[in-house]
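Undergrad: Here's my sequence, what's the structure:
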Amino acid sequence: MAHSIYKAQTAEAKKLRKKAGQYIKSLRLVKDLTQSQLAQRIGIEYYTFISAVENGVNRVPPEGMKDWAMALDVPRAQFAKNLLKFYDPYMFHELFADHENKDADIGGLFDEQDSKSD
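TA: Residues are numbered from 1 along each chain as shown. Okay, here's the model as predicted:
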C-alpha cells in the first residue's frame, strides 16, 4: 500500500484527540496541578500549549512523552499506550487488538474500501 488510509482530520479523529486531552486533564487534576504548573514541570514556556492539548487542538509531541509522563507521575509505557489509542488507533489496534476478531471496530477512522485491501 503506497498511502496511509488513516484519516487524521476526520470528525472521529478530532473526537479522539479531545478524549486524549480529557485523559491528560484528568491526570493533571489528580495531581492538583494548574496548566501553568504542568507546563513548568514539562519545561515548556507557555501554558497555553497545555490548554490546546487538553482541548484536542494539539497533541503531545512524541519526543515529549517522557517529560509529560514524568510530570504527571504516570509510567511512561502506560502513558504512551493510552495516547497511542487516541492519536493513532490504527497502530494501537495492530499492536494490542484481539486479532482473532477480524471485524473489530477501531473507531471508523479508515475508509472501508481501503481497509479491505490488505
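
Undergrad: Could you report the neighbour count for the spatially closest residue to F96 that is not a sequence neighbour?
TA: Distances taken as CB to CB, 6 or more residues apart in numbering put K81 closest to F96, at 7.4 Å, once the chain neighbours are dropped. Quick note: C-beta positions are derived from backbone N, CA and C, even for glycine. By other CB atoms under 10 Å, the residues close to K81 number 13.

Undergrad: unless I'm mixing things up, K81 is touching D88, no?
TA: No - the pair K81 / D88 is not scored as a contact, 11.0 Å apart, by CB atoms under 8 Å.

Undergrad: Please put the alpha-carbon coordinates of the host helix or strand of H93 into CSV.
TA: Here H93, judged by DSSP states H and E, is contained in helix 89-96. What follows is helix 89-96, C-alpha atoms only, in CSV (Å, rounded to 0.1, in the frame of the first residue of the first chain):
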residue,chain,number,x,y,z
PRO,A,89,-5.8,4.0,16.7
TYR,A,90,-4.7,2.0,13.7
MET,A,91,-1.2,1.4,15.2
PHE,A,92,-2.8,0.7,18.6
HIS,A,93,-5.1,-1.8,17.0
GLU,A,94,-2.2,-3.6,15.3
LEU,A,95,-0.2,-3.7,18.5
PHE,A,96,-2.8,-4.5,21.1
